[in-house]
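Q: With the sequence up front, the predicted model follows.
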Number of protein chains: 2
Amino acid sequence: MFRKLLTFDEAQETIRKRFRPKPLGTEKIPLLEAHGRVLAEDVTSGLDVPPFNRSTVDGYAVIAEDTFGANEKNPVRLVVCGMVNTGESPTVMMTNGRTFEIVTGAPMPKGADAVVMVEDTEREGNRLSISNPVAKDENFMKAGSDIKKGQTVLRTGAILAAREIGVLAAVGRATPRVYLVPRVAVLSTGGEITQPGKRLPAGRIYDVNAYSLCAAVTESGGNPIHYGVVRDNRVALEMALGGALASADAVVTSGGVSVGPRDLVPQTVGSLGKPGVVFSGVAIKPGKPITFAVVDGKPVFSLPGHPASALLVFHLFARPVVCGMAGRKAMKDPKVRAVAGMRMFPAKGRRTFVMVALRKDKQGRSVADPVEPGASGAITTLAKADGFVELAEDVQFVDEGEEVAVSLFKSLR
Amino acid sequence: MFRKLLTFDEAQETIRKRFRPKPLGTEKIPLLEAHGRVLAEDVTSGLDVPPFNRSTVDGYAVIAEDTFGANEKNPVRLVVCGMVNTGESPTVMMTNGRTFEIVTGAPMPKGADAVVMVEDTEREGNRLSISNPVAKDENFMKAGSDIKKGQTVLRTGAILAAREIGVLAAVGRATPRVYLVPRVAVLSTGGEITQPGKRLPAGRIYDVNAYSLCAAVTESGGNPIHYGVVRDNRVALEMALGGALASADAVVTSGGVSVGPRDLVPQTVGSLGKPGVVFSGVAIKPGKPITFAVVDGKPVFSLPGHPASALLVFHLFARPVVCGMAGRKAMKDPKVRAVAGMRMFPAKGRRTFVMVALRKDKQGRSVADPVEPGASGAITTLAKADGFVELAEDVQFVDEGEEVAVSLFKSLR
């Protein structure tokens, strides 16, 4: 019961050594459903973009030298020999003295090397007057000037947002190959836990963790499977954990990892497969009672029952693993500098994470105020905190006004 | 054709005046499906959280004064009268000299005002020795200490992420009321546009905008409806736009808003309902050929055909409207300071947005390099840019090394 706990760094190192997260496989999906997914291939373009010399204005395709010297008083006159529309494939050949009307996006006729904007022209029948010269290569994009055939436009691991999806469309990739989304089972344990929406009997509280952790799994690139509340008895736990391990790629439980007589999760996890529990307990605050296990190649995180602790410990230990299984690169928390709004103490010998809310003081400095100077485990801590300050094990204290780095919680905006 | 264009500020102001975006209604949804949705109610708690005095450790519930003076040599001895488990509702009454075993999360027996941690005790049968005193109120949370009954825990407009969802669960809100997600129809126009995945005939290019704009709608809190490519003829456009307006809450088209003979979108939009086109053309670069219309109370944005321009103009004008219809508060782009990597010029008399990529120089400063010093409309611009620098209409130029503010594109991480 008083065995030595792993340090924070040792725990992270141990997880990395004992479970190297990797994607579970790949699938091809329609581009319209690819938003937020992770690319599982380097994408090279099978075509030049644009595939042809393409006008970027409405006007007249010309041989640029024909327009040299043109001005309002002495316009150049050319003969309009036809029109090129978008989607056409002109076979005509330009020669000096001739021009073709052309619209934005249409292919240039062979021989043309510039486009005069319609604003700089006057037309009567097939006679065109040009009042401004154009330089060679003006007002059109050359074939392949944007993307060359064979060019790599996106690489494995890219997260597909609006811009990346646009690039995939441009090279005609209608069904990109992406990584499978890891399925993460989320279970709550505890005899006092009741599902939100049900009547709350005396002595009970509503389940918070299953819901907040499902959302955290989504935010880490995983697909949460909500298992709800499991009673704290061995048979119920074995059945639930066994089912979770059979149907999911990873399991996250909360509650039941303290030292009480009902803390059966670590024991039960250990009995379900090899190697079982890797460590129980880490010298951090909050979140000390975390158990990490690997069961037949699947990671199992047993988090504390307190909602703020559970979400923080998920963030510190489980999120990097879920991200890795989703094919996402390790993400560092965005950090901002601030000054401590009050003195902060680490728990003796433990890496301490102080939840803080940010505000601006009169001098315009960012100030980090601890949101939970009192008891741990408050749910409102979650709602109030903008991020956390990490205090090393050997720090005496951080004084009011000292500079601290605040790791920001991901915002959904 | 040479009418005066609205300035950027005038265009934004005009949109605000002519279409005040508001949510389309509300619905109640299961909490597990609420991730990313926008709360449409102030949520007050119907209960104290915790609902009862709740032990935060495994140990023994006591009357604190009974333990005063306890130490290793002179432990205090109490009689264990029973045990309180989680989920129970103890009716027992504590009196001096007595104690109850209690587990983490269990309700305190009446009269108990502290919990001694199990580590500080030794037990033989029903006799307990306590070697460390506890103070009043130690090791339990008082009823309502986290959230008081009647307290407002979340407000209308909150975007529901892991922490907010945890708070809703804590107060038992299983089906929060959220705003309806606005449906935004996305159409591409142009005779040269082909769907990705199909063979590309000569003279054609793949549709980029329908895909990147659908993703941008998602990122703005809307639900995109992909209408694909519509031919640039009046009948096809009228049918497609009519259908889009009938089934969606807003419409975004791209292409076909320049001054060419095929630019039928503004004309067609104008014929479909009142008031029709509000403005065509804004003095910005890129993105000048944007049309904004309101048709029977629904906003219609006709964006340029160039992919980078379309996405930028969506960001500048359409995104705030979609966000407003989704019930989200106006969001400012996150900005970072950087120095210009080369001299940047605004287009004469136009608000100019220069796409830039960020890098660190040898001194560790952030440098903003324009990614598209040459032709506009490149798709690769999208992939390379980290954000954009805004140049005012009356600026001559921003010199290399001058400080600029870079508006960052939203990252999905």
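A: In hand now; what should we look at?

Q: What count of nearby residues applies to A:Gly297?
A: By other CB atoms under 10 Å in any protein chain shown, 11 other residues sit near A:Gly297. Quick note: C-beta positions are derived from backbone N, CA and C, even for glycine.

Q: Give me every residue in the stretch 1-150 of chain A lying close to chain B.
A: For the stretch 1-150 of chain A, the contact set with chain B under CB under 8 Å from any CB of the partner chain comprises A:1-2, A:31-32, A:35-36, A:47, A:49-52, A:54, A:56-58, A:85-90, A:103-107, A:118-119, A:141, A:145-147.

Q: ok, the most centrally placed residue in chain A to chain B distance?
A: Closest residue to the average C-alpha location of chain A: A:Ile159 at 6.0 Å, with CA atoms, centre = their mean. Plainly put, A:Ile159 is 5 Å away from chain B if you go by CB to the nearest CB, to the nearest Å.

Q: Surely that residue is in contact with A:His35?
A: No: using CB atoms under 8 Å as the test, A:Ile159 is too far from A:His35 to be in contact (9.6 Å).

Q: now A:Ala174: how far from chain B?
A: 3 Å.

Q: what packs against the helix or strand of chain A with the lowest mean pLDDT?
A: Using mean pLDDT, DSSP states H and E, the weakest-scoring helix or strand in chain A turns out to be helix A:380-384, at a mean of 77. If you count contacts as 3 or more CB pairs under 8 Å, 6 or more residues apart in numbering or on different chains; DSSP states H and E, helix A:380-384 packs onto helix A:307-313, strand A:351-360, strand B:152-154, helix B:162-170.

Q: And for the residue in the stretch 201-350 of chain A that chain B sits nearest to, the neighbour number?
A: Nearest residue of the stretch 201-350 of chain A to chain B (CB to the nearest CB) works out as A:Ser212 at 3.2 Å. Residues lying near A:Ser212 (other CB under 10 Å) number 29.

Q: so it touches A:Ala310, yeah?
A: Yes: the pair formed by A:Ser212 and A:Ala310 meets the contact definition of CB under 8 Å, at 7.3 Å.

Q: out of the residues of the stretch 1-150 of chain A next to chain B, which are buried?
A: Using 16 or more other CB atoms under 10 Å in any protein chain shown as the burial test, these include A:31-32, A:35-36, A:47, A:49-52, A:54, A:56-58, A:85-88, A:90, A:103-107, A:118, A:141, A:145-147 as buried.

Q: What segments of chain A are helices?
A: A:8-18, A:162-170, A:209-219, A:234-247, A:265-272, A:307-313, A:319-325, A:380-384 (DSSP state H).

Q: wait, doesn't A:Thr26 sit right on A:Arg177?
A: Yes: using CB under 8 Å, A:Thr26 and A:Arg177 qualify as a contacting pair, with a distance of 5.1 Å.

Q: show me what contacts A:Ala135?
A: A:64, A:114 (CB atoms under 8 Å, 6 or more residues apart in numbering or on different chains).

Q: Report the separation between it and chain B.
A: To chain B, A:Ala135 is 13 Å away according to CB to the nearest CB.
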